[in-house]
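Q: dropping a prediction and its sequence here:
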Amino acid sequence: MTIPFLDLKAINAQYRQELIDAATRVIDSGWYIQGAELKAFETEFAAYCGTKHCIGVANGLDALTLTLRAWRELGKLKEGDEVIVPANTYIASILAVTENRLKPVLVEPDERTYNLCPIKTAAAITRNTKAVLVVHLYGQLAPMTELMALADGHGLLVLEDSAQAHGAQINGKKAGSWGHASGFSFYPGKNLGALGDAGAVTTDDDELAATIRALGNYGSHTKYENLYQGVNSRLDEIQAAMLRVKLKCLDAEIQRRKKIALAYALGITDPVFIQPIRDRRTLGALDDHVFHLYVIRTKLREMVQSRLDKAGIQTLIHYPIPPHLQKAYVSMKYSLGSFPMVEEFSSTLLSLPIGSHLTPDQIDNIIEIVMDSVS
Ligand SMILES: *Cc1c(COP(=O)(O)O)cnc(C)c1O
């Protein structure tokens, strides 16, 4: 028995015929860029998130980069402005900041949720802080009510990185609808994944939406008229058609992930640390987390990982090298010891398989091996 971390083939096989029908529809339409499928997906995804606009772009990194770029074009950000970003994020969040010649100010997260907390975020605000890039890491919404209040109090822009959190909600308000704008990725392995690269921005701001739309289309508002030195970043018709099929099933997919997460949370106990959902034993109480990843924390990680590996169970580490220690960012002049908590995470976190390819027996087996290898 081998259990892959993620089984994209099995995930997409669930929708095989519908995906084929949708692809056929696009092939036969003769229209492959910026057509009816994209428009329909944008409308459907905006409705799903509860925002006025959704703008399809080529990938999640572009969604973040183009939003910050649009704020620069609109005079809301300028070169050198500080943007607060969690120190434990996937590097794409930070690339979007530096690509715009803004200054990332890294902040250690809450030790239990791995997300930004209002207290440490507040402590990082200076005269030069102009925005906060909030990442809903592993699929759990950051404490948005508190973070928005903090940002409003300081006049800061808030960009959500919702690449891992499609559908996560607090009091019925979904990821992508909390900040002034939000970037989504539909990379194949995300909870809502295309069959290739794709991304989107959601926002309620008309001016921002129009600017992002133009920037992703050579800077053009109107054909052959260019307001900005834009780029080509568009969501293809064929991927929009794939996403429309899978969006309809996203809530069911999230439900399956929650069931697995709940089983893990009930079976995995001290000394292994899990994200604190133990006291919320019903699925309904787990709305803020869509479990893109199920991450455990243990000092015995090597042991746990190798025991699982021997049993044919694949695990991954998110993330083995924190951004501040990446060669790409030696220029930020951080070093080992700059963010001790995040550095410790990189040697203690382990992501277990999660997704609709797992059976209850396999989940029990994984739990047993984890608990066995730490006792
Ligand atoms: C996947 C991801 C991105 C980047 O999305 P792409 O579509 O791969 O460019 C950005 N931020 C986070 C947190 C991600 O997980």
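A: Alright, I've got the coordinates.
Q: three-state assignment of the spatially closest residue to Ala22 that is not a sequence neighbour?
A: With sequence-adjacent residues excluded and distances taken as Cβ to Cβ, 6 or more residues apart in numbering, Ala22 is closest to Ala241, at 4.0 Å. In short, each C-beta sits where N, CA and C put it, glycine included. Secondary structure, DSSP: H, G, I helix; E, B strand; the rest coil: Ala241 is helix.
Q: what is the burial count for Ala241?
A: For Ala241, the count of nearby residues is 27 (other Cβ atoms under 10 Å).
Q: again with Leu266
A: Burial measure for Leu266: 13 neighbouring residues, criterion other Cβ under 10 Å.
Q: which strands and helices lie in contact with the helix or strand harbouring it?
A: Using DSSP states H and E, Leu266 falls within helix 250-267. Here helix 250-267 touches strand 294-297, helix 360-374, going by 3 or more Cβ pairs under 8 Å, 6 or more residues apart in numbering; DSSP states H and E.
Q: that older thread, residues contacting the residue nearest to Ala22?
A: For Ala241, the contact set (Cβ atoms under 8 Å, 6 or more residues apart in numbering) comprises 22-23, 25-26, 37, 41.
Q: rerun at 6 Å
A: 22, 26, 37 (Cβ atoms under 6 Å, 6 or more residues apart in numbering).
Q: in CSV: the residues you listed, plus pLDDT, distance to Cys249 and neighbour count.
A: Below are these laid out as CSV (pLDDT from 0 to 100; distance: Cβ to Cβ, whole Å; neighbours: other Cβ atoms under 10 Å):
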residue, pLDDT, distance to Cys249, neighbour count
Ala22, 98, 13, 21
Val26, 98, 19, 20
Glu37, 98, 17, 25
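Q: between the residues you listed, which is closest to Glu368?
A: Ala22 (40.6 Å; Cβ to Cβ).
Q: pretty sure that closest one sits against Val245.
A: Yes. Counting by Cβ atoms under 6 Å, Val245 is a contact partner of Ala22 at 5.3 Å.
Q: one step back: angle of the helix holding Leu266 against helix 360-374?
A: Between helix 250-267 and helix 360-374, the angle comes out at 40 degrees (axes from the mean of the first three to the mean of the last three Cα atoms, to 10 degrees).
Q: what about the residue in the stretch 51-200 of the chain that the ligand sits nearest to, how many neighbours?
A: Proximity of the stretch 51-200 of the chain to the ligand (Cβ to the nearest ligand atom) peaks at Gly60, 2.4 Å away. As a burial measure, Gly60 scores 27 neighbours (other Cβ under 10 Å).
Q: got the contact list for it?
A: Contacts for Gly60 were tallied using Cβ under 6 Å, 6+ apart; they are 163, 183, 185, 199.
Q: just the pLDDT at the spatially closest residue to it that is not a sequence neighbour, thanks.
A: The shortest distance from Gly60 to any non-neighbouring residue, by Cβ to Cβ, 6+ apart, is to Ser185 (2.5 Å). Looking at Ser185, its pLDDT reads 98.
Q: ok, Ser185 - contacts?
A: Contacts of Ser185 (Cβ under 6 Å, 6+ apart): 60, 163, 199.
Q: next, give phi and psi for it.
A: Per-residue torsions, Ser185: phi -110, psi 140 (degrees, to the nearest 10).
Q: identify the bridge partners of it.
A: For Ser185, the beta-bridge partners are Gly199 (DSSP bridges).
Q: in CSV, list the contacts of Ser185 along with pLDDT.
A: Shown next, in CSV, are those (pLDDT from 0 to 100):
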residue, pLDDT
Gly60, 98
Ala163, 98
Gly199, 99
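Q: list of residues touching the helix or strand hosting Glu42?
A: Following DSSP H and E, the helix or strand that holds Glu42 is helix 36-49. Residues from elsewhere that reach helix 36-49 (Cβ under 6 Å, 6+ apart): 53-54, 56, 174, 176-177, 202, 235, 237, 240-241, 243-244, 247.
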